[in-house]
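Here is my input, please return the structure:
(one chain, ligands or ions: 1)
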Amino acid sequence: MFTQTNEITFKLPSWISDYTKEIDTLKDINDRALFVIEASRQNILNKTGGPFAAAVFEKDSGALIALGVNLVTSQGLSTLHAEIVALEIAENKLHTYDLSGNEKIEYELVSSCEPCAMCFGAIPWSGVKRVITCAKDEDARAELALKIEVLKSLMKLKELKPKRF
Ligand SMILES: [Zn+2]
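Predicted coordinates:
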């Protein structure tokens with residue numbers, strides 16, 4: 001007889017609460033990038049997933065809305081990339097699947113690495129107005145890029161403007 005679960009949930013690592021408790025607003029875009037890069041490093045140090053993090057901010061004010069990290073290995077779910085986790089947390093927090101904002105607030109996603117094909121497909125559906133990436137995908141795939149010490153040196157800001165379908 002066929003059976004399946006009726007609910008899927010995922011849990012953020014407990015270190016995220018400590019990591020974010022002093023953070024409210026990051027006005028400088030480089031500080032937002034450093035914030036997600038350090039979160040990706042913490043995800044490795046705490047053994048809670050891959051070396052990837054992403055965060056949703058209010059684009060103009062820099063108010064932090066949500067921080068996500070890669071949870072693929074810790075949660076056993078292949079699609080829990082940091083970008084997906086950050087968007088899900090932000091949408092849950094703001095009680096909307098549409099992060100296109102309004103005339104006063106626009107949202108952006110800051111990712112420690114260039115999004116993969118899945119995430120690049122998902123980002124426009126979220127409605128965020130801007131994506132900031134740090135490391136390039138080719139950097140992440142290189143063996144050295146996976147070493148924590150190298151992540152900070154890989155930081156190259158790149159702005160992508162997603163289109164809404
Ligand atoms: Zn991805």
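
what about Leu12, how many neighbours?
Neighbours of Leu12 under the rule other CB atoms under 10 Å: 17. Where you see a C-beta, it was placed from the backbone N, CA and C, and this is true even at glycine.

is it true that it touches Ile89?
Yes: under the contact definition of CB atoms under 8 Å, Leu12 touches Ile89, with a separation of 7.3 Å.

Now do the shared contacts for the two.
With contacts taken as CB atoms under 8 Å, 6 or more residues apart in numbering, the residues that reach both Leu12 and Ile89 are Gly68.

Please state the backbone phi and psi of the one residue sitting closest to the centre of the chain?
With distances taken as CA atoms, centre = their mean, the residue of the chain nearest its centroid is Ala54 (1.8 Å). Here the main-chain torsion angles of Ala54 (degrees, to the nearest 10) amount to phi -150, psi 150.

quick one: contacts for it?
By CB under 8 Å, 6+ apart, the residues touching Ala54 are 36, 67-69, 81-83, 85-86, 109-112.

Return the mean pLDDT over stretch 115-122, rounded to an integer.
Model confidence over stretch 115-122 averages 93 on the pLDDT scale.

From the opening residue of stretch 123-132 to its closing one, how far?
According to CA to CA, to the nearest Å, stretch 123-132 extends 12 Å from its N-terminal end residue to its C-terminal end residue.

For the ion, tell me whether it is touching it.
No: judged by CB under 5 Å from the ion, stretch 123-132 stays clear of the ion, getting no closer than 9.5 Å.

Check the offset of that stretch from the chain's centre.
What separates the centre of stretch 123-132 from the centre of its chain is 11 Å, taken as CA atoms, centre = their mean, to the nearest Å.

buried ones in it?
Neighbour-count burial for stretch 123-132 flags Ile123, Ser126, Gly127, Val128, Lys129, Arg130, Val131, Ile132 (criterion: 16 or more other CB atoms under 10 Å).

does Phe57 count as helix, strand or coil?
strand (DSSP: H, G, I helix; E, B strand; the rest coil).

pretty sure it contacts Glu108?
Yes: taking CB under 8 Å as the contact criterion, Phe57 and Glu108 are neighbours in contact, 5.5 Å apart.
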